[in-house]
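> my questions concern the predicted model and sequence given below.
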Protein chains: 2
Amino acid sequence: MAGPPTVGMVGAGQLARMTAQAAISLDVRVRVLADAEESPAAASGAIVERRPVTAGDLAELAARCDVVTFDHEGVDLAAVEALEASGRTVRPSSGALHLAVDKAEQRRRLGAAGFPVPPFCVTDQPAAVRGFVEVHGPAVVAKAATGGYDGRGVWFTDGADEALEALRVCGRLVLEPRLALDRELAVLVARRPGGEVVAYPVVETLQRDGICTEVVAPAPVPASVAAEARDLACAIAEHIGSTGILAVELFVVEGALLVNELATRPHNSGHLTIEGTTTSQFENHLRAVLDWPLGAVDLRAPAVAMANLIAVSEADLHERVPTALALGPVHVHLYGKRPRPGRKVGHVTVLGERPAEVVDLARRAAAVIVGSSPTGSQEGP
Amino acid sequence: MAGPPTVGMVGAGQLARMTAQAAISLDVRVRVLADAEESPAAASGAIVERRPVTAGDLAELAARCDVVTFDHEGVDLAAVEALEASGRTVRPSSGALHLAVDKAEQRRRLGAAGFPVPPFCVTDQPAAVRGFVEVHGPAVVAKAATGGYDGRGVWFTDGADEALEALRVCGRLVLEPRLALDRELAVLVARRPGGEVVAYPVVETLQRDGICTEVVAPAPVPASVAAEARDLACAIAEHIGSTGILAVELFVVEGALLVNELATRPHNSGHLTIEGTTTSQFENHLRAVLDWPLGAVDLRAPAVAMANLIAVSEADLHERVPTALALGPVHVHLYGKRPRPGRKVGHVTVLGERPAEVVDLARRAAAVIVGSSPTGSQEGP
């Protein structure tokens, strides 16, 4: 081999941006297919290719890269399969991607393999929706079988009428009872094609309105639960044959783990690994898809917290960064995205001694940057 | 202010590359003036402007940036002064830069201000060279007053004839006796225009043939010496009014500190701060020249070592990276420079518990990547 390896990435959002940033150290080239108006990855040294992402574009990208990977799941699986059939290296594979894209298939496969999942029903029939509500009660979570993210495509319904409205919008739903959650966890796993696997420390994810607002590591759960969560995530990675980062989101219900959702790519729950663990999820994603040895994933501090920057207005955020930096040891990440209310435009990470302290500082820094109060409501005039 | 701030950097080498990489997180734009054939900064998201660096180019760069800074000292000081006179923000200032460029002036100023410096003589006269050798003995270090770096422009002479040869090549020399060094240290200081200053933990620098090969933090010196070194570096930063990173290289001779050299920019002795301290020298350089609050500089591990990748051939290094990564928790940084024997093309950093361990691993990883034995000689066939 002569010269730097090239990783192709479908999507040019913040995940591609942070992957490309990590790639600079290794002198790995990242070539991205940009399929949205903004390309946060462009400012991080990635080579940006044309949009939209047609099968032809994908094939052309693959021809210029050693391996093709993804920063989101919104891809044409048939095109990915065609790429594989033509002998190109795609990681994760279309098979693993399929599970990430299709929540219905994901639930079915995981359930069938004996992994613990919530009670669920996959349906496109109003009668089945009514039946599910009758059995499980009116508090139902209805998820679009495909296409949802960041709380979009998820309905917390109260009775059959709202669930039927979700069905009308989505066409096909995964229904599950609204469970009383002790908490939500996530485990990132990096896996190489040959099977080498590392599981990151288990994190707790905190949500507001269905959107992840903060992540804390290590998760405040007994060691036995943390070990079980990591084993579970590794077993799923093995079962689906994932390559690269696999994020496994988990519910804890009455002390027991249930698999909520999978993502076969770097994940919001792993942004704190940039400063918080020996090897970031972005570097390990690159190393895994290149089939290189994986890096250690130990926490670098007793407690690490990440808070998402969720815009509350269209105001520019740059001028508020210094104020946030003055609060303490805050690592600021802006994604170069235009702020719009509800849009995730960056995150901050804090390392420290105690979970309560790092969460508090991360939350305050995030509030300063987006211009909200630390509890999330917008500041007065 | 609307939109991201822009920092202009003169030079597009590895320091600009790592500065631009750090800038991605803060969504700060870095616009570099490339004055060499290669532009390592280009692959890290920096906007690369034309070469060479004329006064006009410099003025044009400044017009597009909030502040202008430097990744090397090889700049036309008159052009920088003209820029300042035109009202542009330049950090460090031409005054501080002058001291970094001109080792003779540096020694004189520091000596005159009462900072501890080695015995020295600045001269362009053969008679003075002979006189210095007569007084201090034949083992003399002769440094080009301007233009040297990485061991170039430095002669370890043995007698007047060799020193006179150095004079013939350089025109003007700084002479000093070859001191019996206990060790060499370095302290990085970040300083804002208003005077806020942070001093990084003191590191030991290990040299071979006048080139820094490894850096270890913390330096194995008594706490009192470390405190004295940091105080000294802060006092020098204050005295010369530096802004951004100032690197202060120190000799330890019979337990006492002497100032060897200054650099008014991010410095090789600070590359281990990327993973090894809370805020890297590159982020703090950006924050300092933007007049933003400075970041904490605590070590993230009990021991941190950096080993430079100094090429021993023209062979491509990329394919050896996985082998180095398999050795343990090694952070690899390749600069995207074409390897040539003796050329610094990257570095590796290791965090751990014990200095001897991290140095050993860093050294072995570096040897694997450049293809030499860990003691520096090239591998056999």
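Right, received. Where do you want to start? Numbers count the residues shown, from 1 in each chain, chains lettered A, B, ... in the order given.

> where does pLDDT dip in the stretch 51-200 of chain A?
Applying pLDDT under 70 to the stretch 51-200 of chain A picks out residues A:51, A:148-151.

> tell me the SS of residue A:274?
When classified by DSSP: H, G, I helix; E, B strand; the rest coil, residue A:274 comes out as helix.

> so who does it touch?
A:18, A:22, A:280, A:281, A:282, A:331, A:333, A:349 (Cβ atoms under 8 Å, 6 or more residues apart in numbering or on different chains). C-beta: built from backbone N, CA, C; applies to glycine.

> strands of the stretch 51-200 of chain A, start to end?
Under the criterion DSSP state E, counting those that start in this stretch, strands of the stretch 51-200 of chain A are mapped to A:67-70, A:121-123, A:139-144, A:154-158, A:173-177, A:183-191, A:197-199.

> what is the fifth one packed up against?
Meaning strand A:173-177. Packing partners of strand A:173-177 (3 or more Cβ pairs under 8 Å, 6 or more residues apart in numbering or on different chains; DSSP states H and E): helix A:103-112, strand A:121-123, helix A:126-136, strand A:139-144, helix A:160-170.

> can you tell me the strand partners of the second one and which way each runs?
Paired strands of strand A:121-123, with direction, are strand A:173-177 (antiparallel) (DSSP bridges).

> who touches the strand it pairs with?
With contact meaning Cβ under 8 Å, 6+ apart, strand A:173-177 is reached by A:103-104, A:107, A:118-124, A:129, A:132, A:136-137, A:139-145, A:163, A:166-167.

> need the strands of the stretch 51-200 of chain A in JSON lines (columns: mean neighbour count).
Formatted as JSON lines, the strands of the stretch 51-200 of chain A follow (neighbours: other Cβ atoms under 10 Å in any protein chain shown):
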{"stretch": "strand A:67-70", "mean neighbour count": "26"}
{"stretch": "strand A:121-123", "mean neighbour count": "19"}
{"stretch": "strand A:139-144", "mean neighbour count": "21"}
{"stretch": "strand A:154-158", "mean neighbour count": "17"}
{"stretch": "strand A:173-177", "mean neighbour count": "24"}
{"stretch": "strand A:183-191", "mean neighbour count": "25"}
{"stretch": "strand A:197-199", "mean neighbour count": "20"}
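
> could I get those as TSV with distance to residue A:295?
Formatted as TSV, the strands of the stretch 51-200 of chain A follow (distance: least, Cβ to Cβ, whole Å):
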stretch	distance to residue A:295
strand A:67-70	17
strand A:121-123	38
strand A:139-144	34
strand A:154-158	33
strand A:173-177	35
strand A:183-191	8
strand A:197-199	8
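
> okay, the helices and strands packed on strand A:173-177, which one's buried deepest?
With neighbours taken as mean count of other Cβ atoms under 10 Å in any protein chain shown, these reach their highest mean count in strand A:139-144, at a mean of 21.

> tilt between that strand and helix A:126-136?
150 degrees (axes from the mean of the first three to the mean of the last three Cα atoms, to 10 degrees).

> what angle do strand A:139-144 and strand A:154-158 make?
For strand A:139-144 against strand A:154-158, the angle between stretch directions is 150 degrees (the same axes, to 10 degrees).

> partner strands of strand A:139-144 and their direction?
In its sheet, and by DSSP bridges, strand A:139-144 pairs with strand A:154-158 (antiparallel), strand A:173-177 (antiparallel).

> just checking, residue A:105 touches residue A:97?
No. Under the criterion of Cβ atoms under 8 Å, residue A:105 is not in contact with residue A:97, lying 10.9 Å apart.

> quick one: name whatever helix or strand follows the helix or strand where residue A:347 lies.
Counting by DSSP states H and E, the element that carries residue A:347 is strand A:344-352. Next in sequence after strand A:344-352, counting helices and strands by DSSP H and E, comes helix A:355-370.

> how far does that following helix sit from its chain's centre?
Centroid separation for helix A:355-370 versus its chain: 21 Å, with Cα atoms, centre = their mean, to the nearest Å.

> contacts for that helix?
For helix A:355-370, using Cβ under 8 Å, 6+ apart, the contacting residues are A:214, A:216, A:220, A:303-312, A:317, A:320-321, A:323-324, A:327-330, A:332, A:339, A:345-352, A:373-374, A:376.

> one more pass at 6 Å, please.
Residues outside helix A:355-370 that contact it (Cβ atoms under 6 Å, 6 or more residues apart in numbering or on different chains): A:214, A:216, A:303, A:305, A:307, A:309, A:311-312, A:317, A:320, A:323-324, A:327-328, A:330, A:348, A:350, A:352, A:374.

> now the helices for the stretch 1-150 of chain A?
Secondary structure of the stretch 1-150 of chain A by DSSP state H, counting those that start in this stretch: the helices cover A:14-26, A:55-63, A:77-85, A:94-101, A:103-112, A:126-136.

> one step back: among the contacts of residue A:274, which are within reach of chain B?
Among the contacts of residue A:274, the residues within reach of chain B (Cβ under 6 Å from any Cβ of the partner chain) are residue A:333.

> neighbour-wise, which one of the contacts of residue A:274 leads?
residue A:281 (30 neighbours; other Cβ atoms under 10 Å in any protein chain shown).

> show the backbone phi and psi for the closest residue to it other than its chain neighbours.
Excluding its sequence neighbours, the residue lying closest to residue A:281 (Cβ to Cβ, 6 or more residues apart in numbering or on different chains) is residue A:270, at 3.7 Å. Backbone dihedrals for residue A:270, given as degrees, to the nearest 10, come out at phi -110, psi 10.

> tell me how many other residues surround residue A:270.
Residue A:270: 31 neighbours (other Cβ under 10 Å).

> that one contacts residue A:189, doesn't it?
No. Counting by Cβ atoms under 6 Å, residue A:270 does not reach residue A:189; the two are 10.2 Å apart.

> for stretch A:220-231, C-alpha coordinates in PDB please.
The C-alpha coordinates for stretch A:220-231 follow below in PDB (Å, rounded to 0.1, in the frame of the first residue of the first chain):
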ATOM      1  CA  PRO A 220     -25.100   4.700  38.000                       C
ATOM      2  CA  VAL A 221     -26.000   1.100  38.000                       C
ATOM      3  CA  PRO A 222     -24.600  -1.900  39.900                       C
ATOM      4  CA  ALA A 223     -21.500  -3.500  38.400                       C
ATOM      5  CA  SER A 224     -23.400  -6.600  37.600                       C
ATOM      6  CA  VAL A 225     -25.900  -4.600  35.500                       C
ATOM      7  CA  ALA A 226     -23.100  -2.800  33.700                       C
ATOM      8  CA  ALA A 227     -21.400  -6.100  33.000                       C
ATOM      9  CA  GLU A 228     -24.600  -7.600  31.700                       C
ATOM     10  CA  ALA A 229     -25.200  -4.600  29.500                       C
ATOM     11  CA  ARG A 230     -21.800  -4.800  27.900                       C
ATOM     12  CA  ASP A 231     -22.100  -8.600  27.500                       C
END
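
> now that stretch: average pLDDT?
Averaged across stretch A:220-231, the pLDDT comes to 98.

> residues contacting it, please?
A:185, A:187, A:199, A:202, A:250, A:257.

> pairing partners for the residue lying closest to residue A:75 once chain neighbours are set aside in the sheet, please.
Leaving aside its chain neighbours, residue A:75 sits nearest to residue A:10 (5.6 Å; criterion: Cβ to Cβ, 6+ apart). Counting by DSSP bridges, residue A:10 is bridged to residue A:33, residue A:70.
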